[in-house]
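Chemist: test case, fold it:
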Amino acid sequence: MGMISNDCAYLDFYKQSLKGRVQDYVISFYDNPNDFDTVLMRTYTLFQRLMETFSSKRISARLVAKVNFEHINNISGNTEERSYHFPSYSNEDVIKPYDFFVRHLQKIVSRLDTFNSSGSNLLLKNIEHIHIHLTFCL
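Modeler: The predicted model follows:
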């Protein structure tokens, strides 16, 4: 499968293991979105097309978002960029792609909210990319 793209992002193969049974795809953005509702609107069609490619196979999957922050040093006031990965749920079968995608993005948002809930000195900069970890079930 080659690269799939739309106006806002592109999805491409990243790597595989276990003789292709586990595959990783990445959705990368042309700009720097910082809102998961925007990410959902921009990327669902890419995920849907990926699932259509493997429609004859049973697939379990999960999402992992790489999110960039600006860290503000409380003493010096200097800022530096930091990146963290936020996983969704553990792998689950993809039965209804839209429901799966929404639920897993919502879990990432929930983890992000928990991460920032204690008065963090991190400011959300952008969502760099989203990994789609696929496992082809036998």
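Chemist: just to check, Leu11 is in contact with Ile4?
Modeler: Yes. Counting by CB atoms under 8 Å, Leu11 does reach Ile4; the two are 4.6 Å apart. Where you see a C-beta, it was placed from the backbone N, CA and C, and this is true even at glycine.
Chemist: neighbour count winner among those two?
Modeler: Per other CB atoms under 10 Å, whichever of Leu11 and Ile4 has more neighbours is Leu11, with 23 against 19.
Chemist: on the pLDDT front, check the more buried one for me.
Modeler: If you check Leu11, the pLDDT there is 96.
Chemist: in contact with it, which residues?
Modeler: By CB atoms under 8 Å, 6 or more residues apart in numbering, the residues touching Leu11 are 3-5, 25-28, 43, 46-47, 49-50, 132.
Chemist: can you tell me which of the residues you listed is nearest Arg62?
Modeler: Ile132 (8.0 Å; CB to CB).
Chemist: name the helix or strand for the closest one, please.
Modeler: Following DSSP states H and E, one finds Ile132 within strand 122-136.
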